[in-house]
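S.K.: got a structure for you, letters missing:
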C-alpha cells in the first residue's frame, strides 16, 4: 500500500518562491489564484490525495511555511 501524507501550508508567511511546487514528485501543489494579505500568490494543495509525505517540499521551503504529516495506512 502506498504511503499517504497531509500537507499544511501557511499562506501568510509564504513569499511565493514555488520551490515546493518544483520539488514535489506527486504534483500535489499548484499556484493559488487567490493572493495572501501581502499580495503574494502562495501554493495550494491542489491534489492532496497524491501526497506521500516525502518531505521534499518541507526541505526546500526557505521560510518554513510547510508542515508534513504522515497518515496511518488503513489495513487492506
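M.R.: Sure thing, it's come through. Since we're looking at a predicted model, the values are computed, not measured.
S.K.: okay, now stretch 46-65: how far is its last residue from its first?
M.R.: 16 Å (Cα to Cα, to the nearest Å).
S.K.: make that stretch 7-23, sorry
M.R.: With Cα to Cα, one end of stretch 7-23 sits 14 Å from the other.
S.K.: repeat for stretch 34-46
M.R.: End-to-end for stretch 34-46, by Cα to Cα: 13 Å.
S.K.: for it, buried residues please.
M.R.: 36, 42-45 (16 or more other Cβ atoms under 10 Å). C-beta: built from backbone N, CA, C; applies to glycine.
S.K.: how far does that stretch sit from its chain's centre?
M.R.: 12 Å (Cα atoms, centre = their mean, to the nearest Å).
S.K.: and the contacts of it?
M.R.: Applying Cβ atoms under 8 Å, 6 or more residues apart in numbering, the external contacts of stretch 34-46 come out as 7, 9, 11-12, 14-16, 18, 20-21, 28-33, 51, 65.
S.K.: which of those fall within helices?
M.R.: Using DSSP state H, 20-21 are the members of these that sit in helices.
S.K.: buried subset of the contacts of stretch 34-46?
M.R.: 7, 9, 11, 14, 16, 18, 20-21, 28-29, 32, 51, 65.
S.K.: any chance of JSON lines for those residues, columns distance to residue 57 and pLDDT?
M.R.: Below are the buried ones among the contacts of stretch 34-46 laid out as JSON lines (distance: Cβ to Cβ, whole Å; pLDDT from 0 to 100):
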{"residue": "7", "distance to residue 57": "7", "pLDDT": "96"}
{"residue": "9", "distance to residue 57": "9", "pLDDT": "96"}
{"residue": "11", "distance to residue 57": "14", "pLDDT": "96"}
{"residue": "14", "distance to residue 57": "11", "pLDDT": "96"}
{"residue": "16", "distance to residue 57": "14", "pLDDT": "95"}
{"residue": "18", "distance to residue 57": "10", "pLDDT": "97"}
{"residue": "20", "distance to residue 57": "4", "pLDDT": "97"}
{"residue": "21", "distance to residue 57": "8", "pLDDT": "97"}
{"residue": "28", "distance to residue 57": "8", "pLDDT": "97"}
{"residue": "29", "distance to residue 57": "7", "pLDDT": "97"}
{"residue": "32", "distance to residue 57": "14", "pLDDT": "96"}
{"residue": "51", "distance to residue 57": "9", "pLDDT": "96"}
{"residue": "65", "distance to residue 57": "9", "pLDDT": "96"}
